[in-house]
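J.: following is a predicted model, sequence given first.
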Amino acid sequence: MKKFEELKFNIGALKGISVKNIEEHLKLYAGYVKNTNLIIEKIGEMASDTEKNAYVMGELQRRFSFEFNGMRNHEYYFKSLEGGARLLPQDSKLKAAIEKQSPSFEAWLGGFKTITMTRGIGWAVLGYDKKTEQFVHIWIDEQHLGQLNGVEWILGIDMWEHAFVYDYPTSEKKKYVEAFFENLNWEVIEENFKKVQ
């Protein structure tokens, strides 16, 4: 199986999210890439005797989903912070589609921010189900429990403490959520939506 490469992100100075927090967070992402590749390698080594190694291979496969999703989730997250804060384009197809499903874009955003405050570690995600042509809000426990089959990521915010611990105590994670949206490059999110239609 082909190995995965660690992506590099061009993230400038952010308001309310420190350079230190981004640097440490990127190290964590690098670890997910490294561990995903190590697991692929180990499974390959054990494939020569699948009967003898069945239990270990099964557990490695379970861990693979955690590491792989940790890698991919962070790639969506960091990409959305590249290029500086940008507003949605005036002719935003994403905004128009959201407003068909919600009373207003602001009402949708308020509801999405509520999901980010879910207790525990995980990810708040705006997904798009192409089969029904509608948006769904997703709470993903850890990296992998709660991903929805066939639902494409449009927007994701990391709600593990590592995403904000250098800047805010856990009791103030709402400030991190506001800082994330203040720095969000909505043009990237718009492109994510265009790609899944």
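T.: That came through, no problem. In this text, all values refer to a predicted model and were calculated from it rather than measured experimentally. Numbering: from 1, shown residues only.
J.: any idea which helix is longest in this protein?
T.: helix 19-46 (DSSP state H).
J.: and the next element down the chain from that helix?
T.: With elements assigned by DSSP states H and E, the helix or strand that comes after helix 19-46 is helix 54-79.
J.: quick check: buried residues in the following helix or strand past that following helix?
T.: Per DSSP H and E, the first helix or strand lying C-terminal to helix 54-79 is helix 93-101. Buried residues in helix 93-101, counting neighbours by 16 or more other C-beta atoms under 10 Å, are found at 94-95, 97-98. Just so you know, the C-beta spots here come from the backbone N, C-alpha and C atoms, and that holds for glycine as well.
J.: how close does the residue sitting nearest the centre point of the chain get to residue 22?
T.: Central residue of the chain (C-alpha atoms, centre = their mean): residue 73, 3.2 Å from the mean position. Distance, residue 73 to residue 22, by C-beta to C-beta, to the nearest Å: 16 Å.
J.: pretty sure the residue nearest to the centre of the chain is touching residue 158, no?
T.: Yes - contact between residue 73 and residue 158 holds when scored by C-beta atoms under 8 Å: they sit 7.1 Å apart.
J.: anything in contact with each of these two?
T.: Common neighbours of residue 73 and residue 158, counting by C-beta atoms under 8 Å, 6 or more residues apart in numbering, are residue 123.
J.: picking that back up, for residue 163, see how far away the residue nearest to the centre of the chain is.
T.: Per C-beta to C-beta, residue 73 is found 11 Å from residue 163.
J.: now swap in residue 33 and tell me
T.: Here residue 33 is placed at a distance of 17 Å from residue 163 (C-beta to C-beta).
J.: the more surrounded of these two?
T.: More crowded of residue 33 and residue 163, by other C-beta atoms under 10 Å: residue 163, with 25 against 21.
J.: OK, contacts around the nearest residue to that one once chain neighbours are set aside?
T.: Once flanking residues are discounted, residue 163 sits nearest to residue 25: 6.2 Å by C-beta to C-beta, 6 or more residues apart in numbering. Residues in contact with residue 25, defined by C-beta under 8 Å, 6+ apart, are 74, 78, 158, 162-163.
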